[in-house]
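Novice: Here is a sequence together with a model predicted from it:
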There are 2 protein chains.
Amino acid sequence: MTGLRERQKQGREARILAAAAELFETQGYGGTAIQEIAGRAELAVGTIYNYFRSKPEIVLAIVRRDTAEALAAGEEVLKHPPRDPVGAVTALLERAIEPFARHDRALWRELVAAALLDPKLAAGLFAEDLRLVGELSALLRELQARGDLRPELDAGRAAVALYGVFFSWFMAFVASDAVAIGAVRAELAQGIGLVMHGLLARAPSEARRAT
Amino acid sequence: MTGLRERQKQGREARILAAAAELFETQGYGGTAIQEIAGRAELAVGTIYNYFRSKPEIVLAIVRRDTAEALAAGEEVLKHPPRDPVGAVTALLERAIEPFARHDRALWRELVAAALLDPKLAAGLFAEDLRLVGELSALLRELQARGDLRPELDAGRAAVALYGVFFSWFMAFVASDAVAIGAVRAELAQGIGLVMHGLLARAPSEARRAT
DNA sequence: AACAAATTATGAATGTATTCACATTTTGGA
DNA sequence: TCCAAAATGTGAATACATTCATAATTTGTT
């Protein structure tokens, strides 16, 4: 039963997120006070804290919409994986980096820095990544069933290794303005190629030309 | 000419660091207000900020005493490198992780999180690491001269790769209480072994001099 | 020794995230 | 319809890092 309370609750949460996203984009994270978010959402400051534990947790919620979208896009890749195994993995991880560029780097920085200090936030941030590892595992198992990967391979471990490459470049992107999103894309592709090389059933002599 | 001013300055900086180190250890970082540090150092709050740009910068200064010590210990390894090349690199990096356990993990967390948001702090933190990469480079060149490493190897690049392993485990240690310092030691050794495997000269038994 | 300039110390004031005691609204039952 | 309980909203109060205008101290010069 969805009573009035429930509907109001959802409406308020959405208003908070919309207000915060708008303000973060125009004024930056540091330049936006909770006071302002509350004002724009037509709520009291205290109410914000009934919906979100902290300011960075609002960022997490905003970012999650995009990572969820990226995961959904990943599911599509899973349903119709490209022929080329390296290309398939690359396609999946390309979806996963999509959200990086969609937000100000400073927003990611605040989120990661806060996650380092708040285990609950870290868990929330990491939950998405665990699902990405799950998708990677599924894809690798699929490729393995096809005979593209070595049959004795532990797909789970391999997925973790590939995720490691992804995570490293995410951190590099977050940590330094010097690392452009294009560079992340390129380096990630390189890294995937390197790791996949060790996983393939046969040398990728012709599949080398990946799109 | 070392006037009164200079001497007072040094004394005050030392007092601030001593007070902060003591309080951080007993009450934790978050539990220690700048006010308290000032009180214990018998200085005004504003004075602290004449010596350090921010609270995390005090942490950096505290931590630096230990990392500097570790670097000095590394120099010793450089002077008398163990015969076994893998052992030599391991010895150097073992010195470098020494400081990790010497401070509360929370202190490292605050420092890294703050560095993510403050480029100057990041530069300060990274400066030490650059010197470590320098030591690694020197050691690798030495090993290369001995004929232990492949002669065509770029020692600088190899040093960066080894540093990458070190950095990853530092981050893992900082990020999660689940990663014990012993585990870091063990995993680091593993990682070094893995990377070094690719660097060693084909036949380590035949000492070949690369002019 | 006395003074002006330069440097440094000071702590009250500022800005802002977060908390909390209390007010308001919603709910389910009679 | 009315009421008590539960849930939620509210914004003033709290706590704390950082800043800044002013006071105090040191220095070099005459």
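Specialist: Good, I have the coordinates.

Novice: dump the residue contacts of the most centrally placed residue in chain A.
Specialist: Residue closest to the average C-alpha location in chain A (C-alpha atoms, centre = their mean): A:Thr67, at 4.3 Å. Residues in contact with A:Thr67 (C-beta atoms under 8 Å, 6 or more residues apart in numbering or on different chains) are A:96, A:99, A:128. Using the backbone N, CA and C atoms, a C-beta is placed for each residue, glycine as well.

Novice: One more: A:Ala201?
Specialist: A:Ala201 makes contact with A:147-151, according to C-beta under 8 Å, 6+ apart.

Novice: now with 7 Å?
Specialist: By C-beta atoms under 7 Å, 6 or more residues apart in numbering or on different chains, A:Ala201 lies in contact with A:147-150.

Novice: Please tell me how far it sits from A:Arg146.
Specialist: To A:Arg146, A:Ala201 is 9 Å away according to C-beta to C-beta, to the nearest Å.

Novice: now swap in A:Asp84 and tell me
Specialist: 11 Å.

Novice: With A:Leu200 instead?
Specialist: For A:Leu200 relative to A:Arg146 (C-beta to C-beta), the value is 12 Å.

Novice: neighbour-wise, which of these two wins?
Specialist: A:Leu200 (16 against 13; other C-beta atoms under 10 Å in any protein chain shown).

Novice: element containing the residue nearest to the centre of chain A?
Specialist: helix A:55-79 (DSSP states H and E).

Novice: Return the list of helices and strands in contact with the longest helix that chain A contains.
Specialist: For chain A, the longest helix by residue count, based on DSSP state H, is helix A:119-146. Applying 3 or more C-beta pairs under 7 Å, 6 or more residues apart in numbering or on different chains; DSSP states H and E, one finds that helix A:119-146 contacts helix A:55-79, helix A:85-102, helix A:105-117, helix A:155-175.

Novice: 10 Å instead?
Specialist: Packing partners of helix A:119-146 (3 or more C-beta pairs under 10 Å, 6 or more residues apart in numbering or on different chains; DSSP states H and E): helix A:55-79, helix A:85-102, helix A:105-117, helix A:155-175, helix B:155-175.

Novice: okay, and the common contacts of A:Leu200 and A:Arg146?
Specialist: When contacts are counted by C-beta atoms under 10 Å, 6 or more residues apart in numbering or on different chains, A:Leu200 and A:Arg146 have A:Pro85 as shared neighbours.

Novice: interface residues of chain A facing DNA strand D?
Specialist: Contacts of chain A with DNA strand D, taken as C-beta under 7 Å from any atom of the strand, map to A:5, A:8-9, A:12, A:43-47, A:49-51.

Novice: so of those, which ones are in helices?
Specialist: Those of the residues of chain A next to DNA strand D lying in helices (DSSP H): A:5, A:8-9, A:12, A:45-47, A:49-51.

Novice: so what's A:Arg65 up against?
Specialist: Counting by C-beta under 10 Å, 6+ apart, A:Arg65 makes contact with A:17, A:21, A:99, A:102.

Novice: Which of those residues lies at the shortest distance from B:Phe167?
Specialist: A:Pro99 (24.5 Å; C-beta to C-beta).

Novice: Could I get the pLDDT score of the closest one?
Specialist: A:Pro99 is assigned 96 on the pLDDT scale.

Novice: got it, and A:Gln8?
Specialist: 73.

Novice: Could you report the neighbour count for it?
Specialist: Per other C-beta under 10 Å, the neighbour tally for A:Gln8 reads 10.

Novice: One more: the one 5 residues further on?
Specialist: Around A:Glu13 there are 15 other residues, counting by other C-beta under 10 Å.

Novice: what's the closest non-adjacent residue to it?
Specialist: Nearest-residue entry for A:Glu13: A:Tyr51, 5.3 Å, with adjacent residues in sequence omitted and distances by C-beta to C-beta, 6 or more residues apart in numbering or on different chains.

Novice: dump the residue contacts of the one you found.
Specialist: A:Tyr51 touches A:9, A:12-13, A:15-17, A:41, A:43, A:57-58, A:61, counting by C-beta under 10 Å, 6+ apart.

Novice: cool, A:Glu135 as well?
Specialist: A:70-71, A:74-75, A:77-78, A:92-93, A:95-96, A:159, A:163 are the contacts of A:Glu135 under C-beta under 10 Å, 6+ apart.
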